[in-house]
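*Asks:* for reference, the sequence and a predicted model appear below.
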Amino acid sequence: MLIYAAVNSNQTSVKTFILLGLSNVFEFQIIFSILLLVTYTITLSINILLLIVVRSNYKLHTPMYFFLSNLSVIDIGFSSSVVPKILANTLSGDKSISFLGCATQLYFHLALGCTECLLLAVMSYDRYIAICKPLQYSIIMNNQFCLILAVGCWVTGFGNSVILTFFTFKLSFCRSNHVEHFFCEMPPILQLSCQDIFFSEIVEYISIVLIVVSSFLLILLSYVCITLAILHIRTTNQRFKTFSTCASHLAVVLLFYGTVLFMHLRPPSSYSPHQDRVVAMVYTVVIPMLNPIIYSIRNKDIKHAVQNMIQVHLF
């Protein structure tokens with residue numbers, strides 16, 4: 001259903017958007033909904049478990065697990081800003097979302113996405129200090145400095161989202177209200193505007209470069225230094241263990257940043273709805289599930305903490 005509100009005599013503005021969803025085939029919608037529900041349940045379960053374990057175990061009150069807890073909160077919110085609405089639209093058959101609802105979804109999606117980019121860079125810096133400067137680690141990564149870094153990530157992410165959301169929804173959307181996507185994201189929303197979107201795109205590109213690209217480069221620099229430090233480790237087993245852990249972290253980081261940059265740094269002419277849905281699914285649904293598995297569940301400290309918690313509660 002199309003709902004428009006008059007702006008002037010020859011221009012109208014959309015008041016309700018229609019999210020076209022993941023597929024138009026009913027059977028595929030059911031399959032996708034089941035997969036989304038399973039993935040979302042795993043994401044919530046693992047991240048909440050991590051938060052409980054870190055909170056309840058005093059030995060895990062370290063900078064690394066403090067940042068991992070922040071990452072879990074972000075992943076829960078990041079996935080929750082998209083998946084429940086997809087499931088609701090698919091199951092009810094009503095794919096509409098209000099103008100305010102779309103703006104709210106875009107705001108929190110951008111805010112949490114930017115915050116995660118910055119936090120991943122902070123986490124890589126934390127690992128760099130721990131591996132390359134172990135004797136100075138406790139001095140540099142003290143509680144006050146860690147809190148400043150975490151708060152800085154959250155404030156910058158949510159502040160940046162205010163700017164991006166404003167320059168997206170200040171436009172008039174009079175061409176159509178059908179969003180070629182399964183949630184409200186900046187590139188497909190801008191495609192609906194009947195105004196010149198050049199300035200909004202410039203603001204988006206500047207934001208991506210300052211936050212996403214700079215964070216990504218900092219992470220790569222940190223891991224280069226970490227790799228060089230690993231090569232100086234004399235024990236082969238310890239060298240392989242450290243390298244394996246860093247490699248898995250870097251693989252997830254590359255997947256996350258690669259899909260985000262692909263989605264937001266392309267020229268408008270290369271916009272492809274079907275391709276973009278797959279790419280967006282990776283960093284909004286898959287990555288929030290992988291993060292706690294790669295960063296935490298594989299960690300022996302977390303494993304021992306979970307085992308101890310189960311033993312205490314069961315026996």
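*Replies:* Arrived safely. Numbers count the residues shown, from 1 in each chain.

*Asks:* every contact and neighbour count from this point should use C-alpha atoms.
*Replies:* Fine.

*Asks:* the strands in the protein, which residues?
*Replies:* 4-8, 11-14, 16-19, 96-98, 178-179 (DSSP state E).

*Asks:* by mean pLDDT, show me the worst of those.
*Replies:* Note on the strands of the chain: lowest mean pLDDT is at strand 4-8, with a mean of 41.

*Asks:* quick check: residue 129 touching residue 137?
*Replies:* Yes. Because the distance of 5.9 Å satisfies C-alpha atoms under 8 Å, residue 129 is recorded as touching residue 137.

*Asks:* from residue 168, how far out is residue 189?
*Replies:* Distance, residue 189 to residue 168, using C-alpha to C-alpha, to the nearest Å: 8 Å.

*Asks:* what's the answer for residue 40, then?
*Replies:* 28 Å.

*Asks:* which of those two has more neighbours?
*Replies:* Neighbour comparison, residue 40 and residue 168: the larger count goes to residue 168, with 24 against 20 (by other C-alpha atoms under 10 Å).

*Asks:* can you show me the helices along the stretch 51-200 of the chain?
*Replies:* Defined through DSSP state H, counting those that start in this stretch, the helices belonging to the stretch 51-200 of the chain, from first to last, are 63-80, 83-92, 99-132, 137-140, 143-169, 186-190, 198-207.

*Asks:* which strands and helices sit next to the fifth one?
*Replies:* Packing partners of helix 143-169 (3 or more C-alpha pairs under 8 Å, 6 or more residues apart in numbering; DSSP states H and E): helix 63-80, helix 99-132, helix 186-190, helix 198-207.

*Asks:* pLDDT of it, averaged?
*Replies:* For helix 143-169, mean pLDDT rounds to 97.

*Asks:* and it, how far from the chain's centre?
*Replies:* The gap between where helix 143-169 is centred and where its chain is centred comes out at 13 Å by C-alpha atoms, centre = their mean, to the nearest Å.

*Asks:* now do the last one
*Replies:* Averaging C-alpha positions (C-alpha atoms, centre = their mean) puts helix 198-207 20 Å from its chain's average.

*Asks:* just the fourth one next, same as before
*Replies:* Taking the mean of its C-alpha atoms, helix 137-140 sits 28 Å from the chain's own mean (C-alpha atoms, centre = their mean).

*Asks:* other residues contacting it?
*Replies:* Contacts made with helix 137-140 from outside it, assessed by C-alpha atoms under 8 Å, 6 or more residues apart in numbering, are listed as 129, 130.

*Asks:* can you mark which positions in it are buried?
*Replies:* Of the residues in helix 137-140, 137, 140 count as buried by neighbour count, 16 or more other C-alpha atoms under 10 Å.

*Asks:* rewinding a little: nearest to residue 243, out of the helices of the stretch 51-200 of the chain?
*Replies:* Closest to residue 243 of the helices of the stretch 51-200 of the chain, according to C-alpha to C-alpha: helix 99-132, at 11.1 Å.

*Asks:* picking up where we left off before, among the helices of the stretch 51-200 of the chain, which comes closest to residue 282?
*Replies:* Proximity to residue 282, assessed across those by C-alpha to C-alpha, is greatest for helix 63-80 (10.8 Å).

*Asks:* got the angle for that closest one vs helix 143-169?
*Replies:* Helix 63-80 runs at 20 degrees relative to helix 143-169, counting by axes from the mean of the first three to the mean of the last three C-alpha atoms, to 10 degrees.

*Asks:* now the angle between helix 99-132 and helix 63-80, please.
*Replies:* Calculated by the same axes, to 10 degrees, helix 63-80 forms an angle of 160 degrees with helix 99-132.

*Asks:* other SSEs contacting helix 63-80?
*Replies:* Judged by 3+ C-alpha pairs under 8 Å, 6+ apart, helix 63-80 is in contact with helix 26-56, helix 99-132, helix 143-169, helix 287-292.

*Asks:* how about a markdown table for these, with distance to residue 305 added?
*Replies:* Below are the helices and strands packed on helix 63-80 laid out as a markdown table (distance: least, C-alpha to C-alpha, whole Å):
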| stretch | distance to residue 305 |
| --- | --- |
| helix 26-56 | 7 |
| helix 99-132 | 21 |
| helix 143-169 | 22 |
| helix 287-292 | 15 |
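
*Asks:* indicate which one of those is closest to residue 185.
*Replies:* helix 99-132 (5.8 Å).

*Asks:* buried residues, the closest one. List them.
*Replies:* Applying a neighbour-count criterion of 16+ other C-alpha under 10 Å, the buried positions in helix 99-132 are 99, 102-103, 105-132.
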